[in-house]
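Engineer: Requesting a structural model of the entry that follows:
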Amino acid sequence: QVQLVESGGGLVQAGGSLKLSCTVSGRTIISAGMGWFRQAPGTEREFVAAIDYSGRFTSYADSVRGRFTITRDIAKNTWYLQTNSLKPEDTAVYYCTRARAYQGRYSQWDYWGQGTQVTVSS
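Structural biologist: Predicted structure coming up:
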């Protein structure tokens, strides 16, 4: 069983920043890559960012490109999403997910965390 635990969410004013973390534990934790999705109330879950295991390849949604950065620390089994210049429309529950096979936003996602709430006030 693989477990993903997110942290780092919270309430921030527009223009502010948050750094989300996703720690992976359990059996077979090595994966092809990791991703972040988000879901706002009344909307479908949407892709935010992804990174392959080597860290060389990343993919971002157009809405966050240039403001968000996905990174990873393999030694800590932890992936990060640095969110800058936050906007009220970034308000959502953010989920991390593990890629069984990496293809950017079209990766095969197999395990998901429980999510962390990000709220951006105007």
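Engineer: rest of the way, CA atoms for contacts and neighbours
Structural biologist: Will do.
Engineer: burial of residue 72, as a residue count?
Structural biologist: Number of residues near residue 72 (other Cα atoms under 10 Å) recorded here: 21.
Engineer: Just to check, it is in contact with residue 82?
Structural biologist: No: in this structure, residue 72 is not within contact of residue 82 by Cα atoms under 8 Å, at 10.8 Å.
Engineer: Mutual contacts of those two, please.
Structural biologist: Contact criterion Cα atoms under 8 Å, 6 or more residues apart in numbering; residues shared by residue 72 and residue 82: none found.
Engineer: list the contacts for residue 95?
Structural biologist: 6, 36, 37, 38, 112, 113, 114, 115, 116.
Engineer: Just give the nearest non-adjacent residue to it, would you?
Structural biologist: Leaving aside its sequence neighbours, residue 95 sits nearest to residue 115 (Cα to Cα, 6 or more residues apart in numbering; 4.4 Å).
Engineer: contacting residues around the one you found?
Structural biologist: Residue 115 neighbours (Cα under 8 Å, 6+ apart): 5, 6, 93, 94, 95, 96.
Engineer: Let's see that with 10 Å instead.
Structural biologist: By Cα atoms under 10 Å, 6 or more residues apart in numbering, the contact set of residue 115 is 4-7, 9, 22, 36-39, 92-97.
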